[in-house]
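Peer 1: Curious how this folds, go ahead:
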Amino acid sequence: MTTQNLLVELFVEELPPKALQKLGDAFATVLGDQLKAQGLATAASVVTPFASPRRLAAHVTAVADKAADKAVQQKLMPVTVGLDKDGNATPVLLKKLQALGADVSNPAAAVAALKRAQDGKAEALFYDSVVPGATLQAGLQKALDEAIAKLPIPKVMSYQLETDCELPGWTSVNFVRPAHGLVALHGSTVVPVKALGLTAGNSTTGHRFEAAVSPVVLRDADSYAATLKKDGAVIATFAERKAEIARQLAAAAAKVGNGARPIEDEALLDEVTALVERPNVLVCAFEQEFLGVPQECLILTMKANQKYFPLLDAAGKLTNKFLVVSNISPEDTSFVTGGNERVVRPRLADAKFFFDQDRKKTLASRVEGLGKVVYHNKLGTQGERVERVRAIAKAIAQQLGDAQLVADADQAALLAKTDLVTDMVGEFPELQGIMGGYYALNDGLGETVAHAIEDHYKPRFAGDALPRNTAGVVVALADKLETLVGMFGIGNLPTGDRDPFALRRHALGVIRMLVEKDLPLDLHALVQSTFSIFGERVFASAVSEKSVQEIEAVNRSRGGVQFGVATVRIGTSMNTAAADQLTDFIYDRLAGSLREQGYSAQEVDAVLALRPQRLALVEKQLAAVRAFAALPESPALATANKRIANILKKAEAEGPVDPHVNPELLQEQAEQDLYAALQRFVPEANAQFDAGDFTGSLQTLAVLRAPVDAFFDDVMVNAEQMDLRLNRQGLLKSLHLAMNRVADLSRLAV
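Peer 2: Okay, here's the model as predicted:
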């Protein structure tokens, strides 16, 4: 058995650029894993992926020409089934051995070759055999078939191949793009595997226009990348090609001077890397007059439509220069640059036209048009939505600021969606909000309102900036709450793999604004007040889906009330359930975010178990819990707290426990000491809690460990005398309330 390096390449027509890197990695990974699983490659074998616009390839080190034979022991059947009372083979055993390829011409010898061993309570017969190791051709064929079958193909296409037989005909092939070549080299030896109607060879095709030779003949597996680059004018490695583009972009920007730099966009860089085989970066320009259009419009049209890299100056402002990544390197580049400049000019002219036309109408004049745009068939139009957002924003602004904030937030909320009916946003939906900000400034509304309109979609993604001013925060909160409440109200919830209305992102946005802006807002009140603003709109569709019989049953149970009253009652109940569901959803997002920040699941669980309403204080509570957990008294108090919770849970099954304590009924010294400790230390801890010193509050209460331990050692809580029992339960209730203001400490118990 000899080992050599292996190279497999599949040459195809242009692959989907946004999926290329994923396709290349998947092809190489599955191919390597399959070879290792068959024993043809080892765990130490290195798998290197290659991916260019027209090829997927993999290089695998130390691949054997044949896998080692493998000894296999197979359980056949219980001895009582395989042998008769004289120890001779039964027909069932002989048939089984024959199926396995064993020689049964001499039954006695066949039985003697078997092993007997205990299998559970019964003794069984086992057959030892040697399975020949896979040959490279067979193993690679299986691995290649598996790699092709498991490619994460975004969309399969079908094409026809002429059959290789005497009679003319066609066979259908399904793959991401038509395949035209297959290479499989083990060292310098061709492995004659087949795939997609192709038989492997040792030659491939280079660059469409600039390859030195065609076809490109590969000497061996290890010379693949170098030969393709030299003879085929192709950089086969995705990462190497990407790095080369980044280097050329920086060099081209440096030649432009004045601190010019290409816009940073990792997704665009990946896409362009997937579009070219040998990159050549060129500098192009457009007319200065287009710079009067908001730069976001120009940047978007150049990136999205043309895959260009706009150049920014040292201050981050767009210049009239841009970079093109060409796939050819002609001696005279003017044809390439001139062509790209001609192509981009109409795009920029369209953007300028849209911008000029939109500014002829004020945002306020577009409000009426929102009433004709459907937002959701169960939630009405964008016009109705705007009125809800205004009402939510007004309620929030009244809690956070003065009359000026209320006015600014109301005006921003009224106009925030009007850019949806502009020509620019109709052409470039990604600019919604951004264009609204520009048009607000054009209307003379001032920066406060303009920034609030622009920022009300923020944060748009993880790590995005928050709104710049308080009015923007108010409108952004209102917009996200309106979406969350509306969708939860009609039961349009995210699933494990689908979240079409980005409700998870909206919830995280609400959390970030409440926390990072340190807003003194109650989460439960925010959700409840937003549901009340919707009125009957949220639950109307849900009620309509209930059967007539169910509505009538409700009517009968309420003494024949009118349908409308029953509907309102059902709707109110539905809204309450949906509000609770939404609140839990937000806390789940908060818990995940906190765990990502490094807090333990136990710490997060302890704090969020209390459903804190001021989310801005949660991190201070977590810090206090972490400091408390480090105290020597913490384990004992957490365990005692868990015990108290269980006692109170059983007691409250018969009715609420009154935390009031009658000192005259405290008979045991331990309960008297605990009561005295509570009287002494709880007021101090409460004062610290009210002042926001959560760490100090918990540390003050840590001194209760000794009296708590003594209480459980010496006092019978459930005394037979009812007044003593209720008094002791009340004492524990007082202790429980005092200990669990910052967090549910029982969650810290191991």
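Peer 1: separation between Arg208 and Lys480?
Peer 2: As judged by CB to CB, to the nearest Å, Arg208 and Lys480 stand 49 Å apart. Where you see a C-beta, it was placed from the backbone N, CA and C, and this is true even at glycine.
Peer 1: Which one of these two is surrounded by more residues?
Peer 2: Lys480 (27 against 15; other CB atoms under 10 Å).
Peer 1: list the contacts for the more buried one?
Peer 2: Lys480 sits next to His506, Ala507, Gly509, Val510 when contact means CB atoms under 8 Å, 6 or more residues apart in numbering.
Peer 1: would you turn those residues into JSON lines with secondary structure, distance to Tyr127 and pLDDT?
Peer 2: Below are these laid out as JSON lines (DSSP: H, G, I helix; E, B strand; the rest coil; distance: CB to CB, whole Å; pLDDT from 0 to 100):
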{"residue": "His506", "secondary structure": "helix", "distance to Tyr127": "62", "pLDDT": "97"}
{"residue": "Ala507", "secondary structure": "helix", "distance to Tyr127": "60", "pLDDT": "96"}
{"residue": "Gly509", "secondary structure": "helix", "distance to Tyr127": "64", "pLDDT": "96"}
{"residue": "Val510", "secondary structure": "helix", "distance to Tyr127": "65", "pLDDT": "97"}
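Peer 1: Closest to Pro132 out of these?
Peer 2: When those are compared for distance to Pro132 (CB to CB), Ala507 comes out closest, at 58.1 Å.
Peer 1: just to revisit the earlier point, with respect to Asp443, which of the contacts of Lys480 is nearest?
Peer 2: Of those, the one sitting nearest to Asp443 (CB to CB) turns out to be Gly509, at 27.0 Å.
Peer 1: Would you quantify the distance from the closest one to Gly592?
Peer 2: From Gly509 across to Gly592, the span is 14 Å (CB to CB).
Peer 1: So for those two, which sits in the more crowded spot?
Peer 2: Each of Gly509 and Gly592 has its neighbours counted (other CB under 10 Å); Gly509 has more, 27 against 13.
Peer 1: Enumerate every residue touching the more buried one.
Peer 2: Lys458, Pro459, Ala476, Lys480.
Peer 1: What are the contacting residues of stretch 73-83?
Peer 2: Under the criterion CB under 8 Å, 6+ apart, residues 89-90, 92-93, 96-97, 100, 111, 114-116, 119, 122-129 lie in contact with stretch 73-83.
Peer 1: Quick check on these: which are buried?
Peer 2: Buried subset of these (neighbour count, 16 or more other CB atoms under 10 Å): Ala89, Thr90, Leu93, Lys96, Leu97, Val111, Leu114, Ala124, Leu125, Tyr127.
Peer 1: With adjacent residues omitted, what lies nearest to the third one?
Peer 2: What that stands for is Leu93. Leaving out its chain neighbours, the residue that sits closest to Leu93 by CB to CB, 6 or more residues apart in numbering is Gly82, at 3.9 Å.
Peer 1: do you know how far the one you found is from Leu493?
Peer 2: 58 Å.
Peer 1: Counting neighbours around each, name which of those two comes out higher.
Peer 2: Each of Gly82 and Leu493 has its neighbours counted (other CB under 10 Å); Gly82 has more, 21 against 15.
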